[in-house]
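[1] After the sequence you'll find the predicted model.
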Amino acid sequence: KPVRQKPGLTRLKSGRSDIPKDLRTLSMSCSDKIAKWVFCGVQGGLLASLLAEPIRLSSITVSKPFHATHDAAQEAVTRALWGRLAAIEKREHQLSKPRIHICDAPFANNLDLMRSKALRLLSEKESKSKRERARTRERALKIPASGLALNWYLDASPEILVGISGRKQGSSMKSKSQKTCSRLCKAAMWTLYRTVLGVTEDAEARPKGYTACKTLSPWYTVTHF
């Protein structure tokens with residue numbers, strides 16, 4: 001059964017739906033991912049083993065939700081991204097508190113905004129019957145969220161991925177080829193990590209496995225949850 005939403009809990013995507021358990025993803029919700037970055041840093045376990053301290057977020061900017069006031073959005077986002085972490089703050093770790101900025105300019109492709117536009121356009125059109133108007137309204141409200149993901153960095157072209165598989169757009173869902181994998185996947189990060197290790201003095205002294213290298217940093221091991 002769907003789990004009733006409660007503030008402060010961590011959730012997996014599709015955790016509130018009636019999708020069968022064997023079909024649900026193991027992806028964390030967006031706010032939980034960002035809360036983890038706030039607490040542990042954005043560098044991840046591999047890079048942490050090469051750093052003296054975590055890479056912190058200094059501020060986070062969020063477009064104001066379609067049906068929320070500015071103050072309500074500020075309070076909710078602050079609670080979700082770092083306010084709830086105060087309860088698990090550890091003696092060895094100082095909780096980062098990035099500034100939260102709420103942008104009043106709406107995101108052009110906001111799902112609620114797109115549905116509102118669709119309903120407005122439909123209301124301007126003359127329909128033949130009440131039943132037909134109800135059907136068009138139902139279709140407008142079922143506009144799905146995009147299933148694509150986008151990543152980019154300086155001096156590189158954007159990479160478009162299929163969210164459900166994490167593979168490049170246009171590749172087969174059943175493909176297992178390394179060429180269809182994202183440049184942000186674990187295999188790619190492991191390759192870059194070993195390249196960096198190749199120019200360090202203690203490369204030979206480090207473990208050879210991916211999991212073992214993720215646990216080398218003492219401060220990341222302490223803060224990770």
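    Nice, thanks for sending it over. Numbering: from 1, shown residues only.
[2] Need the mean per-residue confidence for the helix ranked longest in the chain.
    If you go by DSSP state H, the chain has its longest helix at helix 111-124. The pLDDT scores in helix 111-124 average 74.
[3] Toward the C-terminus, what is the element adjacent to it?
    Tracing the chain C-terminally past helix 111-124 and defining elements by DSSP states H and E, one meets helix 130-141 next.
[4] and whatever helix or strand comes next after that following helix, what's its mean pLDDT?
    Remark: after helix 130-141, the chain's next helix or strand is strand 148-151, criterion DSSP H and E. For strand 148-151, mean pLDDT rounds to 90.
[5] For strand 148-151, which outside residues touch it?
    Strand 148-151 is contacted by residues 158-163, 166, 169, 182-184 when judged by Cβ atoms under 8 Å, 6 or more residues apart in numbering. C-beta: built from backbone N, CA, C; applies to glycine.
[6] rerun at 6 Å
    With Cβ atoms under 6 Å, 6 or more residues apart in numbering as the test, strand 148-151 has contacts from 158-161, 163, 184.
[7] just to revisit the earlier point, buried residues in the longest helix of the chain?
    114, 118 (16 or more other Cβ atoms under 10 Å).
[8] same check, this time on stretch 78-98
    Those buried within stretch 78-98 under the rule 16+ other Cβ under 10 Å are 78-85, 96, 98.
[9] separation between the residue nearest the centre of the chain and residue 114?
    Centroid-nearest residue in the chain, with Cα atoms, centre = their mean: residue 30, separated by 3.9 Å. From residue 30 across to residue 114, the span is 18 Å (Cβ to Cβ, to the nearest Å).
[10] Confidence-wise, which helix or strand of this structure is lowest on average?
    Least confident helix or strand of the chain, by mean pLDDT, DSSP states H and E, is helix 218-223 with a mean of 71.
[11] how close does the closest residue to residue 184 other than its chain neighbours sit to residue 79?
    Leaving out its chain neighbours, the residue that sits closest to residue 184 by Cβ to Cβ, 6 or more residues apart in numbering is residue 151, at 5.8 Å. Distance of residue 151 to residue 79, computed by Cβ to Cβ: 27 Å.
[12] go on, residue 44?
    Taken as Cβ to Cβ, the span from residue 44 to residue 79 is 25 Å.
[13] for residue 101, same thing?
    According to Cβ to Cβ, residue 101 stands 15 Å off from residue 79.
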